[in-house]
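> the amino acid sequence is not available; the structure is as follows:
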């Protein structure tokens with residue numbers, strides 16, 4: 001489940017840092033209720049206040065992204081960038097090469113009684 005599907009979030013208007021200091025308890029209460037509080041300094045966004053539950057969901061989504069990214073990277077690392085990079089894995093040339101490694105001589109005599 002994606003974070004956006006799990007939470008219905010009300011985004012408030014940006015609050016200045018001085019207002020946030022003065023109204024911190026109320027802003028925390030709003031964040032607990034599902035609102036996202038944007039805090040700005042001199043009109044520029046500098047921070048976001050959100051509930052612990054919303055933060056945990058974001059962290060979980062980020063961890064899943066990292067995991068799937070690592071899996072995709074691992075999978076692509078095993079793929080040749082060009083078919084000639086793995087000559088043994090493709091076509092008759094690969095079979096001929098493997099067959100050239102095999103020793104076709106008789107290893108020992110077999111006595112059948």
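Great, that's in hand. Quick caveat, the model's predicted, so the values are computed rather than measured. Numbering: from 1, shown residues only.
> how close does residue 22 sit to residue 16?
9 Å (C-beta to C-beta, to the nearest Å). Backbone N, C-alpha and C define where each C-beta goes, glycine included.
> before we move on, what about residue 39?
8 Å.
> more neighbours, these two?
Set residue 39 next to residue 16 and count neighbours by other C-beta atoms under 10 Å: residue 39 wins out with 17 against 13.
> next, the more buried one: secondary structure please.
strand (DSSP: H, G, I helix; E, B strand; the rest coil).
> so what pairs up with it in the strands?
Note on residue 39: beta-bridge partners by DSSP bridges are residue 15, residue 47.
> do you know the pLDDT at it?
pLDDT, residue 39: 94.
> SS state for residue 36?
strand.
> anything in contact with each of residue 39 and residue 16?
Residues touching both residue 39 and residue 16 by C-beta atoms under 8 Å, 6 or more residues apart in numbering: none at all.
> go through the longest helix along the chain and flag the buried ones.
In the chain, with assignment by DSSP state H, the single longest helix is helix 52-77. By 16 or more other C-beta atoms under 10 Å, the buried positions in helix 52-77 come out as 54, 57.
> kindly report the same for stretch 43-50.
49-50.
> likewise stretch 104-113?
For stretch 104-113, a neighbour-count test (16+ other C-beta under 10 Å) marks nothing as buried.
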